[in-house]
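K.L.:
need a structure here:
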Amino acid sequence: MTLCILHLGSEKTGTSSIQKYFGSRRDALLKQGIWYPQSFANQKAHVHLKLSRAAINGTLTDDAPGVIEFRSEYDAAMRSGVKATVFSSEFFHSEMRDSASVERLKEFLGKFFDEFKLVYYARRQDQMLASMHSTAVKGGWTTNPHALSVYESKGHYYFDHLAVCDLWSEQFGRDKLICRVYEREKLMCGDVVDDFLDVIGLGNWAGRTHVAANESLSFETISALLYLNASVDKDNRELRRKIVARGRKRNGPRISMLTNAEAREFYGRFRDGNAQFFSKYVDKELSIGFSDNFSGFPDVLPKMPTVDIQAFISGKK
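P.N.:
Purely as a prediction, here's the structure:
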């Protein structure tokens with residue numbers, strides 16, 4: 001029986017970078033005593049989505065294919081002398097929203113592990129909102145240019161760090177939860193992967209190489225993708241890929257689709273809950289609150305002319 005580390009997210013806090021790092025270095029990490037299971041993982045994205053989904057659906061039964069696969073991999077890992085096991089899924093945060101799901105997960109994992117550590121990264125809510133909107137635009141899930149539209153689809157809980165941590169601490173215990181702040185100056189070496197490695201005890205491991213995932217989109221890329229999302233070509237994945245690649249190459253300015261006033265108002269909705277969250281879950285030596293810098297948000301949202309969008313998509317601009 002060994003330590004199980006659950007990386008809960010939250011979404012939009014560099015989870016893909018952590019998963020890409022761990023998923024692409026399983027063998028090397030195993031030699032260090034860290035097991036990052038292939039079982040329950042999406043093989044392309046390295047996220048343990050199938051574990052969070054199974055907990056929600058109540059399919060963590062002994063005869064379930066995923067559980068059978070996990071047991072086999074677990075036995076092999078234990079024979080190799082594993083010290084800690086890491087599961088990572090931002091969907092622990094975004095989709096597991098009831099006590100029953102979390103309780104099912106704990107009961108299942110309790111058959112294999114006798115110690116738990118839960119790691120949660122919290123990001124300021126207005127920044128989460130803007131980042132999630134960018135992801136929705138990139139994925140073709142929205143035609144709305146306003147980031148506030150994301151709140152309607154995700155709901156209040158998604159942004160409520162206090163509610164999320166209360167849900168998980170209710171089942172695992174408050175002392176098992178390690179909460180970090182997703183702000184560059186508050187992360188080890190200014191990097192979330194370095195920070196996570198430090199939290200789980202690997203520190204500045206010699207095998208560490210930097211990886212990037214889900215890079216932010218430029219304003220012109222977002223404008224072009226919104227135009228595509230509203231067109232008959234919205235399902236053209238190759239064109240979508242080319243637009244993103246073109247925007248990355250041009251490296252234009254990043255402008256959040258949320259005004260400064262909107263960002264302040266949205267953040268204000270969570271002010272009291274955030275104060276309780278920091279008091280209850282965050283080490284005071286790390287931080288007592290989020291940064292109050294809103295300089296990254298424009299006073300007025302710009303609009304890219306249609307003719308310029310068309311030229312950008314066609315490669316003429």
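K.L.:
quick one: list the elements packing against the one helix or strand residue 50 maps to.
P.N.:
For residue 50, the host element (DSSP states H and E) is helix 49-57. Here helix 49-57 touches helix 65-79, helix 91-94, helix 99-109, going by 3 or more Cβ pairs under 8 Å, 6 or more residues apart in numbering; DSSP states H and E. All C-beta atoms are positioned from the backbone trio N, CA, C, and that covers glycine.
K.L.:
recalculate using a threshold of 7 Å.
P.N.:
Where contact means 3 or more Cβ pairs under 7 Å, 6 or more residues apart in numbering; DSSP states H and E, helix 49-57 is packed against helix 91-94, helix 99-109.
K.L.:
so it versus helix 99-109, what angle?
P.N.:
Interaxial angle, helix 49-57 versus helix 99-109 (axes from the mean of the first three to the mean of the last three Cα atoms, to 10 degrees): 120 degrees.
K.L.:
helix 49-57: how far from the chain's middle?
P.N.:
16 Å (Cα atoms, centre = their mean, to the nearest Å).
K.L.:
skipping its backbone neighbours, what lies nearest residue 97 in space?
P.N.:
residue 157 (5.8 Å; Cβ to Cβ, 6 or more residues apart in numbering).
K.L.:
low-confidence ranges in the protein?
P.N.:
Within the chain, the segments meeting pLDDT under 70 span 1, 204-214, 317.
K.L.:
can you rerun that using 50?
P.N.:
206 (pLDDT under 50).
K.L.:
break down the stretch 101-250 of the chain into its strands, ranges please.
P.N.:
113-122, 177-181 (DSSP state E, counting those that start in this stretch).
K.L.:
what's the most buried one of those strands?
P.N.:
strand 177-181 (a mean of 22; mean count of other Cβ atoms under 10 Å).
K.L.:
just checking, what packs against it?
P.N.:
strand 113-122, helix 161-172, helix 192-199.
K.L.:
ok, which of those comes nearest residue 244?
P.N.:
Distance to residue 244, taken as Cβ to Cβ, is lowest for helix 192-199 among these, at 21.7 Å.
K.L.:
quick one: distance of that closest one to the chain centre.
P.N.:
That offset, for helix 192-199, works out to 14 Å (Cα atoms, centre = their mean).
K.L.:
one more: stretch 175-189?
P.N.:
14 Å.
K.L.:
so what touches it?
P.N.:
13-14, 116-123, 165, 168-169, 190, 192, 194-195, 198-199, 281-282, 286-287, 290-291 (Cβ atoms under 7 Å, 6 or more residues apart in numbering).
K.L.:
which among those residues end up buried?
P.N.:
Burial by neighbour count, 16 or more other Cβ atoms under 10 Å: within those this picks out 13-14, 116-123, 165, 168-169, 192, 194-195, 198-199, 281-282, 287, 290.
K.L.:
deepest in the core, which of the helices and strands packed on helix 49-57 is it.
P.N.:
Among those, helix 91-94 has the highest mean neighbour count (mean count of other Cβ under 10 Å), at a mean of 24.
K.L.:
list the helices and strands that one packs on?
P.N.:
Short answer (3+ Cβ pairs under 7 Å, 6+ apart): helix 91-94 packs on strand 2-9, helix 49-57.
K.L.:
just checking, next helix/strand downstream of the first one?
P.N.:
Later in the chain than strand 2-9, the nearest helix or strand by DSSP H and E is helix 15-23.
K.L.:
hang on, residue 239 packs against residue 232?
P.N.:
No. Using Cβ atoms under 7 Å, residue 239 is not in contact with residue 232, being 11.5 Å away.
K.L.:
the more surrounded of these two?
P.N.:
Set side by side, residue 239 and residue 232 show more neighbours around residue 239, with 16 against 7, by other Cβ atoms under 10 Å.
K.L.:
return the set of buried residues in stretch 270-280.
P.N.:
Quick answer for stretch 270-280 (16+ other Cβ under 10 Å): 270, 273, 274, 277, 278.
K.L.:
between these, which is closest to residue 112?
P.N.:
Distances from residue 112 to these, taken as Cβ to Cβ, are shortest for residue 277 (30.2 Å).
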